[in-house]
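Colleague: output the structure for:
(one chain, ligands or ions: 1)
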Amino acid sequence: SLPVPEMPPCDVTPETYKGRDYDETMRVKKKHISPTKVPAYSEPLLLTQGKMQWLWDHEGRRYLDMFAGIVTVSVGHCHPVVADGLKDQIDRLWHTTNLYLTPPMHEYAEKLTATLPDHLKVCFFTNSGSEANDLAMALSRQYTKSFDVISFRNAYHGGSPYSVGLTAHGTWKHNYPNGFGIHHSVNPDPYKGIWGGSKCRDSPIQADRECGCMGECEAGGKYLGQLREVLDYSVSGRPAALFAEPIQGVGGAVQFPKNFLKGAFDLVHERGGLCVIDEVQTGFGRLGSHMWGFESLGLRPDIVTMAKGIANGFPMGAVVTTPEVAQAFTGTLHLNTYSGNPLATTAASKVLDVIESDGTQALCARVGGRLIHELAKLRDEFSIVGDVRGKGLMLGVEMVEDKSTRAPLNPADMMEIWDSMKSMGLIVGKGGLRGNTFRLKPPMCISESDADFAVAVMRKSISDFVNKS
Ligand SMILES: Cc1ncc(COP(=O)(O)O)c(C=O)c1O
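Modeller: Numbers count the residues shown, from 1 in each chain. Sure, this is the predicted structure:
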């Protein structure tokens, strides 16, 4: 069998953890924590410290974090610039509500809008991504005076009772009414969707799938036909909005055919609807080529929603839109108590500083480019690695029973490989409707040797699994 890969060095010595021990923590978890909070791994991790791309558990074991608390620790655990900004603000002012003016929120609104195209000028701040999408849906309905909203199957736009209607994964829905007025169009997935092949994606790595397209990809146009049918068959005239992620996150790093979203936005705009781009996972330089995922696709959104990486793990979300759309919401009062909170907007402001000073976007392109090419080798080596996809540091590895059927690898086998990676110090995520896609979306500060280590561990875990007697 392959040797256990050696973890790249790290010059941080973690504190000795002296808190509540593992068994006690598990006891409290079982008794007092909501049973919906199902932790990763057959033996959950107790994490006690973090620094940049590294995490430590209660026994001082070090892990390379390739999942960033679900794509949220954007610039690194406890990044010194963000931490210093928070320390400075924490003794000055924590909270007032936006009944009053506070400096950090105003400073941040100006900085954030400077990263966006000129028409997107007005910010609403929220506490989470679900709330940002709730608000984006309310804004688009209010502005258009229409009700119908469209999103794609396999999308995840939130778990609140309003945004969960946009989410189209049965696994994330509960049995209460949701999604009234929301229609889900067929997911344009070039790997396992109805149409797709080896010319679809904006990526150096294409799906390993034959297609009949002559020259350019034709799958995008066919999926667009499905969206047109939803508009024709299900929508009452003018739609309120289309929601889309530039690359699906929870859905397992699914990348649409190249020009699909451009065509979809044009179509919805022609019908008078707004286009909302959900940058909760893809924003802040993660895709490498641009600051925002929509820029990489040549889109002109009317509303952008963001959260997660916005404040490096400090709870916060945002909706940025045009003055006209924002104005439509002024007829009645709107309050969100913590919106623009001084601590959250200070953290968010420091994140933008770090992205600029640390060359974060270029790093995503460089290290992500290397990572996807190395991951693609795993697909060549193993029959159970079906697809490798994504862009920058937003990557997915879809595991299958067998390449010819593309049937998902079953949950027990996924867990075995996942546990094995953890035992060698590698944390990755899982996603997709069937949970059979490993997700690599680390803090945007990893190095080439970290990327190589991650691939070496994945290779060993998959090889041990495949070769076990
Ligand atoms: C693309 C996308 N939008 C929205 C959300 C919801 O964000 P939150 O969990 O902060 O409510 C998520 C969460 O995973 C997401 O991935």
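Colleague: neighbours of the residue in the stretch 101-250 of the chain that the ligand sits nearest to, how many?
Modeller: Here the stretch 101-250 of the chain gets closest to the ligand at one residue, Gly129, 2.3 Å apart by C-beta to the nearest ligand atom. From N, CA and C alone the C-beta is placed, and that goes for glycine too. When neighbours are counted by other C-beta atoms under 10 Å, Gly129 registers 28.
Colleague: show the backbone phi and psi for the nearest residue to it once chain neighbours are set aside.
Modeller: Nearest residue to Gly129 in three dimensions, chain neighbours excluded: Ala307, at 3.3 Å (C-beta to C-beta, 6 or more residues apart in numbering). Here is the backbone geometry of Ala307 (degrees, to the nearest 10): phi -170, psi -140.
Colleague: isn't Ala307 up against Thr126?
Modeller: Yes. Counting by C-beta atoms under 8 Å, Ala307 touches Thr126, with 7.4 Å between them.
Colleague: so in this structure, which helix runs the longest?
Modeller: The longest helix of the chain (DSSP state H) is helix 360-381.
Colleague: for that one, name the packing helices and strands.
Modeller: strand 385-391, strand 394-399, helix 448-467 (3 or more C-beta pairs under 8 Å, 6 or more residues apart in numbering; DSSP states H and E).
Colleague: closest to the ligand out of these?
Modeller: Proximity to the ligand (C-beta to the nearest ligand atom) singles out strand 394-399 among the helices and strands packed on helix 360-381, at 10.8 Å.
Colleague: gap between that closest one and the chain center?
Modeller: Using C-alpha atoms, centre = their mean, to the nearest Å, the mean C-alpha position of strand 394-399 is found 12 Å from that of the whole chain.
Colleague: same deal with stretch 306-320?
Modeller: That offset, for stretch 306-320, works out to 12 Å (C-alpha atoms, centre = their mean).
Colleague: residues in contact with the nearest residue to Gly159 once chain neighbours are set aside?
Modeller: Sequence neighbours aside, Ser130 is the residue nearest to Gly159 in space, at 5.5 Å (criterion: C-beta to C-beta, 6+ apart). By C-beta atoms under 8 Å, 6 or more residues apart in numbering, the contact list for Ser130 reads 157-160, 163-164, 317.
Colleague: in TSV: those residues, plus secondary structure, pLDDT and distance to Gly283.
Modeller: What follows is the contacts of Ser130, written out as TSV (DSSP: H, G, I helix; E, B strand; the rest coil; pLDDT from 0 to 100; distance: C-beta to C-beta, whole Å):
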residue	secondary structure	pLDDT	distance to Gly283
His157	coil	98	14
Gly158	coil	98	15
Gly159	coil	97	19
Ser160	coil	97	20
Ser163	helix	98	17
Val164	helix	98	21
Gly317	strand	98	11
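Colleague: for the closest residue to the ligand within the stretch 151-300 of the chain, give me its contacts.
Modeller: As assessed by C-beta to the nearest ligand atom, the ligand sits closest to Val280 within the stretch 151-300 of the chain, at 3.6 Å. Taking C-beta under 8 Å, 6+ apart, we find Val280 in contact with 129, 132, 245, 249, 305-308, 317.
Colleague: which of those fall within strands?
Modeller: Using DSSP state E, the members of the contacts of Val280 that fall in strands are 305-306, 317.
Colleague: by neighbours, which of these wins?
Modeller: Neighbour-wise, these (other C-beta under 10 Å) top out at Thr305, 32 neighbours.
Colleague: so Gln49, which of the three states?
Modeller: Of the three states, Gln49 takes strand under DSSP: H, G, I helix; E, B strand; the rest coil.
Colleague: number of nearby residues for it?
Modeller: 17.
Colleague: just give me the closest of the ones in strands among the contacts of Val280 to the ligand.
Modeller: Using C-beta to the nearest ligand atom, those come closest to the ligand at Gly317, 6.1 Å.
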